[in-house]
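Colleague: could you look at this predicted model? Sequence included:
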Amino acid sequence: MSNSHDTSAPSKRVKHESPANHYLSYIISILLTMLAFAVVLYGDLDRSFILIFIVSLAIVQAVIQLFFWMHAKERGHLFPLIFIGGGAIVALTGVITAVYWVWW
């Protein structure tokens, strides 16, 4: 009778994340959202500054969610990251083209 389990090879242990990373990313996301609301409620700032600031906060929040909630920082996620980056480039090109087409 042969044993199908190979006991001579070291077993790989899966490293589980602690919930602290998820709590931290959730708190950061809430703070970024509150900051965006505060900037809009303040109202005395330049409109273009508010727009650039909110878009910057949205990008930071998307990156935080990508790396903490979607586990993009782990091994083996190179191709999904490449495709996400390619999609972001295509989307940004489409937005720039639409803005240029409408405003000029």
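Modeller: That came in fine, so what should we check first? Here the structure is a predicted model, which means the values were calculated and not measured.
Colleague: just the helices in the chain please.
Modeller: Using DSSP state H, the helices of the chain run over 19-42, 47-68, 78-103.
Colleague: quick check: angle from the shortest one to helix 78-103?
Modeller: Angle, helix 47-68 to helix 78-103, by axes from the mean of the first three to the mean of the last three Cα atoms, to 10 degrees: 160 degrees.
Colleague: so what does helix 47-68 touch, helix or strand wise?
Modeller: Contacts defined by 3 or more Cβ pairs under 8 Å, 6 or more residues apart in numbering; DSSP states H and E place helix 47-68 against helix 19-42. Bear in mind the C-beta positions are built from the backbone N, C-alpha and C, glycine included.
Colleague: next, count neighbours for residue 97.
Modeller: Applying other Cβ atoms under 10 Å, we find 10 residues neighbouring residue 97.
Colleague: OK, contacts around it?
Modeller: For residue 97, the contact set (Cβ atoms under 8 Å, 6 or more residues apart in numbering) is empty.
Colleague: and if you look at residue 22?
Modeller: 68, 69.
Colleague: repeat the analysis, applying 7 Å as the threshold.
Modeller: Shown in contact with residue 22 (Cβ atoms under 7 Å, 6 or more residues apart in numbering): residue 68.
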